[in-house]
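Participant: return atomic coordinates for the entry below.
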Amino acid sequence: MAEMSSSLAVTGAAMDAPVSSSVAEMGAMNAPVSSSLGVMGPLLKKIDSLLPLDYRLRGPLKDRVALLKVDLEEISVALVEQSMVDFPNEMAKYWMNEVRELCYDIEDFIDDMMLTHADAKMRSVQSFKVGRVKIPWLPKTVRPCTRAARIAELRALVREAIERHGRYLDGCTSSSRSLFTVYGHIPLMYAEAANYLVGVDDTKTKLIKWITDEEQHPAETTNYLVGVNDVKIKLIKWLTDENEQQLKMVVITGHAGVGKTTLAKQLYREVGQQFECRAFVRASRKPDMRRLLEGILSQVQQHRCPSNSYTVQNLIDNLIKHLQNKRYVIVIDDLWETISWDIVASAFPEGNNCSRIITTTEIEGVALECCDYQSDNILKMKPLGREDSGKLLLNLVFGPECLCPEQLKGAFDIIIKKCAGLPLATICVSGLLTTQPDNPKLWQHVQEFLCSNLSTDSTLEERLQEILKLSYNSLPHYLKTCLMYLSMYPEGYTMQKFDLVKQWTAEGFICAIEGTDTWEEVADSYFEELVNRGMIQPVDINYNGEVLSCTLHHVVHDLITLESTEERFITALDYSQTIRGHYSKARRLSFHFSNPRYAKKPTGLTLSKVRSIGFFGILKCLPTIVGLKHLQVLILEFWGDQQGINCFDLTGICRLFQLRYLKISCDASVEVELPTQMHMLRYLETVIIDAAVSAVPSDIIHVPGLLHLSLGDKTDLPDEIGHIRSLRTLHCFDLSSNSEDNVLSLGDLMNLQDLNLTYCTEESDEHLKRNLTALASSLGKLVNLKSVSLAPGVSRTVIYHDVCSSMSSLPSFLQRLELLPPICIFSRLPRCIGQLRKLCILTVVVSELLMEDMDILTGLPALTIFSLYVLQPTAESIIFKKGAFLGLKCFKYTCGVLSLAFQEEAFPNLQRLELSFNAHKGEQYYNLLSGIDYLLNLKETAGTIGAATGAEEHDMRVAESALRDAIRKHPRFPSYDNVKRVDWVHEEYQLRTQAKDSPSEKHETLQKQHGRKEGDSLHEQPRILLKESGGETKQCADSWISHFPPPESIISDQMKSGIPIHF
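Facilitator: Next up, the predicted model:
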């Protein structure tokens, strides 16, 4: 991409030259929608499309449109010039706002005219069938004379704006820019930089010991721990009683940007698996307590909250019930109010289960309240010392173990001093410097800016704000626009990358160069660069280093909200406060609330010009959206209430002819009613409905530009889904409710890249077999498919089928393949998987596993995450040979019997190992994990042990001890104790017949291996389980659920295209 070149876009010297009108015209014509230029670029292109001879526009009217284009091209030059001034005066700001508003009005008029023309063309084509028909939902046709008059009126307004610019602003752009605007990819991901805990390694080690009551070996600490910051005397008191069983509370406090959240995230990541229940949530200055509590409940339950949990008290009651007599750890980040703490604290039952709660806050009074005024439980983080700050900046800009070049040392020292030991400030400055680390002019510019804007008396808050302003103002316009758009979301909100890139595309912020990257690839690169520059903070990161979700630091949120307000880009309204004004010129509106008690439906608003709406909160407060004919983006996230609202009427969206993006998310108590027809929404690209839907319009298959369709499970899709040839994403396709013909029609979706399937209701086994066979046939045709996921629905139906014989080939570009039980089980690992050279993520279930089967996969170069579930316990160890799985970073292995062996140089990059098996009665465990010490890069391990039939408490303890001893052979885990119990790890005892083994010999082998005596039940089950009954059904279903995420998280991860590293 031209814009993403690694060279410096503009330097101070370059900006001395005036911008030529031809360059400015070209820039405006090719510019996407932005906060600085508004819709100037798309508007010029639309007008240009009206001028060709073949466009049915009357001659005089076309001439007037051409003159309007000339005027707009002239004013676009001035707008581009003014947009390149870093600190325009108030008159210039007013003029730019006026021109942007005028361009929005002109585009609205052009859109209406083009829609009317399209309608006339449709009637012309169909006139032999229906003649003239009055369709009530189409806009009224504007007579040519009326349109000509309106064009004349708009031209007059444009000419007046041009004259005002010449009179008051001509010559105001000749001064050079004071700031650099820099482009380019930053080598070190901030996602990785966020793990740098400089100077707090002692703190983290002591906190982990306090939380777990266990010592941590130095090798267990995460990478990038630089320096020692021994300021934790208060922690000594917490460590005196290692047998403390009562609920304990710790508060991490300190100034904004000092690293509180980073430390809390590291603690949660490293010790969270040792707790039976865990959750990490973010508060804010105006927290939505219902969303906060719902976030905790959904994480500790590992599935969506029940529909009756729609009040704060319901959520508190459910949390108390679920956490009672369990060991849990809860992290509440960025707490600001004692009232909020009082509410959330009431949901945590006390007990003697070693439960822990961690909060972070900037407010000393809140910290004291959280700890019942026991100051010993407060850890106050201080800014980094000069040496540690220098190490952090060096690591981020030049890489670990690198030194600062001699010619940059002067600027380096001054910049470090100005950052005042705040990691967030240092990270943001490094995000700017890393674009061109060896450019002394850039270093000098940063130094001069900080020296001129910060004095020795500047507070930490002022330093952080000025550094963030520097980073923001140094962003290219396209990144400023994308970042500013995040102010659409409430403070503290976690935003999914999957959603943001599609919203940016729908808004027109993305400019893809023909023949290069696609729109979404460009949007992905924008997201990554904002992460790299430190402006947005990662939340979930997969093992490929891809950031899947993000949030904003509250200081950054304040900055972009202020900038957005000044440029009239997004208007945020709190509908729990009095709203004054009509906001008739607002183009993008965000509705949120700070106090549910006073929340009410906004009235008196004039929303006819609104293009984007984001609504967050209570359904009854949602303003009317019918009739907003220019609406392009609609984001609705709400819940019902106790007033009986259980249906949301969305039938009116069929009249939103400009709609491009629709997302609805609500609790299970609300059902969404869609219109009966949607084919007239020809610009619609994305539909995401995370809610119950009464019915999907049958004509949705005729929406011409639909790219992404995501519906909840148990939603019936119309027949002939294969007609949506443009479709790239499809979630969720229910194999239980769709016919065999509809499954076969999936093979016609030649542009499909992401497919999520589910099985929600119990149908006949023959129906499932036919659909799985049809699915295998369809998958072989989808040459562009990159991701496939098949997961059971919420009904947890235990029906599965051996699909090995049905699947002979898979799309060669497949990067993700997740086939989860209890639907899709292979008798053996299919050989076709070994041909997927681009496969990164694999989840598969097999009835039996042989040594030669693993050879199919060991050479896959891109495989990063591998989850393998084996039903029939193996009688021999599975040996991973030298050079096996070179790129694998996460391996999850589940089998009733654990026996793995790693040879030297196998799994050289493995970072996380998850193991699940059963304890058997009387079993003695030998060589559970032979060669585990060869896994040199292993950082995290997790063990889960179930109880096989007949196993007792003694057998469980023996198995736990054996697993601990096996893992402790690894040098990084000398004191490992991260073992979790479950009721049962699903296993089957189907005897594999071989020429050398008779059934009786094989039976005897398994008996010896499991410590069973003759006559003990082997809990035998058939090879292909059709249906289970009674208690076995529940036990089997619970077994699957305990080892695989519930459907909601599978879908969520699928949409985000990765598996989060934070768990």
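Participant: average pLDDT for the helix or strand harbouring residue 528?
Facilitator: If you go by DSSP states H and E, residue 528 is part of helix 519-532. For helix 519-532, the per-residue pLDDT values average out at 91.
Participant: after it comes which helix or strand?
Facilitator: If you walk from helix 519-532 toward the C-terminus, the next helix or strand you reach (DSSP H and E) is strand 537-541.
Participant: how far away from the center of its chain is that next one?
Facilitator: 8 Å (CA atoms, centre = their mean, to the nearest Å).
Participant: now stretch 949-967
Facilitator: For stretch 949-967, the gap between its own C-alpha mean and the chain's C-alpha mean amounts to 38 Å (CA atoms, centre = their mean).
Participant: residue 828 is in contact with residue 850, correct?
Facilitator: Yes - applying CB atoms under 8 Å, one finds residue 850 in contact with residue 828, separated by 7.2 Å. From N, CA and C alone the C-beta is placed, and that goes for glycine too.
Participant: returning to that earlier point: show me what the helix holding residue 528 is packed up against.
Facilitator: With contacts defined as 3 or more CB pairs under 8 Å, 6 or more residues apart in numbering; DSSP states H and E, the secondary structure elements packing on helix 519-532 are helix 190-193, helix 477-485, helix 497-507, strand 547-551.
Participant: okay, the ones you listed in TSV with distance to residue 881 next?
Facilitator: Conversion of those to TSV gives the following (distance: least, CB to CB, whole Å):
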stretch	distance to residue 881
helix 190-193	31
helix 477-485	47
helix 497-507	37
strand 547-551	33
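Participant: out of these, the one nearest residue 437 is which?
Facilitator: helix 190-193 (14.2 Å; CB to CB).
Participant: following element in sequence after the helix or strand hosting residue 852, please.
Facilitator: Using DSSP H and E, the secondary-structure element containing residue 852 is helix 851-854. Sequence order places strand 865-870 as the next helix or strand after helix 851-854, per DSSP H and E.
Participant: okay, now the sheet partners of that next one, with direction.
Facilitator: Paired neighbours of strand 865-870 in the sheet (DSSP bridges): strand 841-846 (parallel), strand 890-895 (parallel).
Participant: could I get these as a markdown table with mean neighbour count and mean pLDDT?
Facilitator: What follows is the strands paired with strand 865-870, written out as a markdown table (neighbours: other CB atoms under 10 Å; pLDDT from 0 to 100):
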| stretch | mean neighbour count | mean pLDDT |
| --- | --- | --- |
| strand 841-846 | 23 | 92 |
| strand 890-895 | 21 | 94 |
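Participant: closest to residue 636 out of those?
Facilitator: Evaluated with CB to CB, the strands paired with strand 865-870 place strand 841-846 nearest to residue 636, the distance being 30.9 Å.
Participant: which residues touch the closest one?
Facilitator: Applying CB atoms under 8 Å, 6 or more residues apart in numbering, the contact partners of strand 841-846 are 815-821, 824-829, 833, 853, 857, 863-871, 1044, 1058-1059.
Participant: which helix or which strand is home to residue 75?
Facilitator: Under the assignment given by DSSP H and E, the secondary-structure element containing residue 75 is helix 59-83.
Participant: can you pull out the strands in the stretch 251-400 of the chain?
Facilitator: Taking DSSP state E, counting those that start in this stretch as the criterion, the stretch 251-400 of the chain carries its strands at 277-282, 328-335, 356-361, 378-380.
Participant: for residue 244, find the nearest of the ones you listed.
Facilitator: Taking CB to CB as the measure, these were each checked against residue 244, and strand 356-361 came out nearest at 10.0 Å.
Participant: what about that closest one, distance to the chain center?
Facilitator: In terms of CA atoms, centre = their mean, the centre of strand 356-361 is set 24 Å apart from its chain centre.
Participant: quick one, that strand and strand 328-335 angle?
Facilitator: 10 degrees (axes from the mean of the first three to the mean of the last three CA atoms, to 10 degrees).
Participant: list the strands paired with strand 356-361, with their directions.
Facilitator: Listed by DSSP bridges, the sheet partners of strand 356-361 and their directions read strand 248-253 (parallel), strand 328-335 (parallel).
Participant: and the helix holding residue 528, which residues are buried?
Facilitator: By neighbour count with 16 or more other CB atoms under 10 Å, helix 519-532 contains the buried residues 519-520, 522-532.
Participant: and what of stretch 98-109?
Facilitator: Along stretch 98-109, the positions that meet the burial threshold by neighbour count (16+ other CB under 10 Å) are 99, 100, 101, 102, 103, 104, 105, 106, 107, 108, 109.
Participant: for stretch 57-76, same thing?
Facilitator: Of all the residues in stretch 57-76, those buried under the rule 16+ other CB under 10 Å are 57, 61-62, 64-65, 68-69, 71-76.
Participant: list the buried residues of stretch 970-988.
Facilitator: Within stretch 970-988, the residues that qualify as buried are 970, 972-973, 976, 978-980, 982, 984-988, counting by 16+ other CB under 10 Å.
Participant: can you check stretch 491-503 too?
Facilitator: By neighbour count, and taking 16+ other CB under 10 Å as the criterion, the buried residues in stretch 491-503 are 491, 492, 493, 495, 496, 497, 498, 499, 500, 501, 502, 503.
Participant: nearest to residue 737 among these?
Facilitator: Within the buried residues of stretch 491-503, the smallest distance to residue 737 is 25.0 Å, found for residue 498 (CB to CB).
Participant: distance check, that closest one against residue 546.
Facilitator: Residue 498 is 11 Å from residue 546, where distance means CB to CB, to the nearest Å.
Participant: how far does stretch 700-717 stretch from one end to the other?
Facilitator: End-to-end distance for stretch 700-717: 9 Å, by CA to CA, to the nearest Å.
Participant: an error on my part: the question was meant for stretch 617-625.
Facilitator: Between the opening and closing residues of stretch 617-625 there is a gap of 16 Å (CA to CA).
Participant: touching it from outside, list them.
Facilitator: With CB under 8 Å, 6+ apart as the criterion, stretch 617-625 contacts 288, 575, 591-593, 596, 599-602, 605, 607, 613, 615, 631, 634, 636-641, 643, 645, 648, 652-653, 656, 666, 670.
Participant: quick one: mean pLDDT for that stretch?
Facilitator: So the average pLDDT for stretch 617-625 ends up being 87.
Participant: quick one: buried residues of that stretch?
Facilitator: The neighbour-count criterion (16+ other CB under 10 Å) identifies 617, 618, 619, 621, 622, 623, 625 as the buried residues of stretch 617-625.
Participant: bridged to the second one, which residues?
Facilitator: When you say that, I think you mean residue 618. residue 639.
Participant: count of neighbours near residue 585?
Facilitator: The number of residues packed near residue 585 is 14, by other CB atoms under 10 Å.
Participant: and residue 856, by the same measure?
Facilitator: 16.
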